[in-house]
Every structure is written in C-alpha cells, then in structure tokens.
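S.K.: Return atomic coordinates for the entry below.
(one chain, ligands or ions: 2)
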Amino acid sequence: MHSNIDTLFSHMWDDYVTITPSAHKIHKLLLGEESGDEIVNDHVAFRTFKLDKTRLDKLAAHFLALGYEEKGQYDFEAKKLDAKHFEHPDDTQPKVFISELRVDELSEQAQEIIHKLVGQMNPEVVEEDNFLYSGRHWDITKADYDTLLNESEYAAWLAAWGFRANHFTVSVNHLTQTHSLTDVNTLLKEAGFVLNTSGGEIKGGPDVHLAQSSTMADRADVAFGEETLAIPSCFYEFAQRYEMPNGKLYQGFVAASADKIFESTNAK
Ligand code: OOG
Ligand code: NI
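M.R.: Ligands and ions are numbered 1, 2, ... in the order given. Next up is the predicted model:
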C-alpha cells in the first residue's frame, strides 16, 4: 500500500499519460489558459473483474488505507457492472470511482477466457504498492480479445490493459479562466480533440448537480502474443459540479451519465 496520496496519484498519472498522449496535451492546453499552475482532478476511475482475486474491494483497499471512505454504490444492468465511489475527508483530494464486471453473468465462453487470464495472476500482486498502475498480469491472444469485444467492450478493454487509471477527470469548478463545461468542450474541439457524443456531448447538467464530458480514448499499442496492435486506451474527462439545495456541491456520480462515459473506450 502507498503511504502517500500524492505519490500514488503521480505514479498513476505517469502510467496514464504514457498510453494517453491526448490527456497530456489537453492538460498542457488547459494550464496554458489558466493563471495558476495546477489542474485539480475531480476523480479517477478503475475497472476490474468481480472475481476473488481481483474484486473491487481489493482495489478499494489501497484507497481506504489512505483514508478514503466508501460513499456511493451504482448498478449498470446492461453492462453487467457494479460500482462504488470513494471520497477523502480532505475534499481537495480526487474522488475515486471503481467498477467491477459481474463475470458470472457473461457467456460460458467469455467466462472461460477471463478465468484463463486471471488464473495467470499471482494473487499477491493486488496488495503491492504499484498494483493500481501495474497494467496487465497475463498474456492474451487477439482471438480471445475479439471474442470478449463481441460481448463486452469493458471486458475486452480490461483484458487488454489491466489495472491502471482508466481516466483522470478535470474539475471544471477549479478552472479560473474557463468557467463552463461548454467552453471547455469548445476549446477541446477547436484544438482537434474528439469528444464522446454518446448520450450527447454533455451528460447530465444542473438538474442532477453534475455535468460531464469526455474525449474518446486514444489508441495505443498492445501485445497480443507475437502481434502488436493499436486499440483504444484511456480517455480524459471533464466534470462540473453544482450546488444542491443545501448549498453544498454535489459529490456523487450519476448512473445514467456514467453509463455513457464508459463508452469513451469504444472504438470510434
Ligand atoms: C467509468 C465510467 C464512469 C463517471 O465519471 O461517471 C465514470 C469507466 O469508464 O470506467 O467515470
Ligand atoms: Ni469519470
């Protein structure tokens, strides 16, 4: 377990931008617009398989050890996912969203492939300091990737990329020069970045106290046996939070919007 939140997030960021060069460019683009010298993260997200070795709680343990607390639970029926979000008592720390795929609801064939992958993994690695930016712990063939892709894009993404931040999220509330998500989106599109339009460019809004948009994932090289192929890697998200009637900023997630954000790793 990491003993320091900043070190953990900086390792996760380095791993993330290696396969998500657009995020690095957008980060610099936003910094250039800003008067300050930092971009505040609203949250990061992780994906995992709901199996003994890899269940959500194993990933969450790394954050609980750093003082994070479980705050919300979500169910994505069609995508066969459960998710939880975690917050730190120090609200300047990013929130964490972790989902897990209910493997036992997939076809026999997909389950067999996933068991074969996770079977290659040493059960102790999930407790290691670097687990949350350690990537994949198995070999996978292109044929198995394609079979998973046919049934669950989430399963295929996770089988190819393993354990790492799937996206970082810019807190639009903390930007000093660009005040609305619409303006952020305009800036990104003018710079040539492609946004996820599933469910509309902006998901949610003031009515649900959270508005979100995201880029479509970059593509990066993955090894499938002897072959190397470029497939969707990670994306960058932008979140604007609104006050609730009690005057506090909403801190949760919105399942209907999240459902569409997941699709940012679909092949364009
Ligand atoms: C997580 C998608 C959900 C959000 O902010 O609603 C999410 C994922 O793609 O793994 O991050
Ligand atoms: Ni997100």
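S.K.: ranges for the strands of the chain?
M.R.: 41-49, 69-76, 81-87, 95-101, 167-171, 203-205, 210-214, 219-224, 227-232, 235-241 (DSSP state E).
S.K.: On the pLDDT front, check residue 49 for me.
M.R.: Per-residue confidence (pLDDT) for residue 49: 99.
S.K.: tally of neighbours for the residue in the stretch 101-250 of the chain positioned nearest to ligand 1?
M.R.: Using C-beta to the nearest ligand atom, the closest approach of the stretch 101-250 of the chain to ligand 1 is made by residue 166 at 4.5 Å. Heads up, the C-betas are built off the backbone N, CA and C, glycines and all. Other residues lying near residue 166 total 27 when counted by other C-beta atoms under 10 Å.
S.K.: again, but for residue 49
M.R.: Applying other C-beta under 10 Å, I find that residue 49 has 21 neighbouring residues.
S.K.: picking up where we left off before, now the residue of the stretch 101-250 of the chain closest to ligand 1, nearest residue through space, not along the chain?
M.R.: In space, and not counting its chain neighbours, residue 166 is closest to residue 45: 4.9 Å by C-beta to C-beta, 6 or more residues apart in numbering.
S.K.: now the residue of the stretch 101-250 of the chain closest to ligand 1: how far from residue 190?
M.R.: Using C-beta to C-beta, to the nearest Å, residue 166 is found at 26 Å from residue 190.
S.K.: Next: residue 139.
M.R.: For residue 139 relative to residue 190 (C-beta to C-beta), the value is 42 Å.
S.K.: what does residue 124 give?
M.R.: 48 Å.
S.K.: longest helix of this structure?
M.R.: Longest helix in the chain, counting residues (DSSP state H): helix 5-19.
S.K.: And the average pLDDT for that one is what?
M.R.: Here the average pLDDT along helix 5-19 is 97.
S.K.: If you count contacts, what does that helix end up packed against?
M.R.: Packed against helix 5-19, as judged by 3 or more C-beta pairs under 8 Å, 6 or more residues apart in numbering; DSSP states H and E, are the following elements: helix 21-33, strand 41-49, strand 167-171.
S.K.: Mind putting these into JSON lines with distance to ligand 2?
M.R.: Output for the helices and strands packed on helix 5-19, formatted as JSON lines (distance: least, C-beta to the ion, whole Å):
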{"stretch": "helix 21-33", "distance to ligand 2": "13"}
{"stretch": "strand 41-49", "distance to ligand 2": "5"}
{"stretch": "strand 167-171", "distance to ligand 2": "5"}
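S.K.: Point me to the residue of the stretch 151-268 of the chain nearest ligand 2.
M.R.: residue 237 (4.6 Å; C-beta to the ion).
S.K.: Pairing partners for that residue in the sheet, please.
M.R.: residue 169, residue 214 (DSSP bridges).
S.K.: Can you tell me the closest non-neighbouring residue to residue 53?
M.R.: That would be residue 123: by C-beta to C-beta, 6+ apart, it lies 5.0 Å from residue 53.
S.K.: Report how many residues lie close to that neighbour.
M.R.: 11.
S.K.: what's the spacing between it and ligand 2?
M.R.: For residue 123, the distance to ligand 2 equals 28 Å [C-beta to the ion, to the nearest Å].
S.K.: Residue 76 now?
M.R.: 13 Å.
S.K.: tell me the contacts of the closest residue to that residue other than its chain neighbours?
M.R.: Among residues not flanking residue 76 along the chain, residue 259 sits closest, at 5.8 Å (C-beta to C-beta, 6+ apart). Neighbour list for residue 259: 76, 78-79, 199 [criterion: C-beta atoms under 8 Å, 6 or more residues apart in numbering].
S.K.: Repeat that for residue 253.
M.R.: Residue 253 neighbours (C-beta under 8 Å, 6+ apart): 72, 74, 83, 85, 97, 210.
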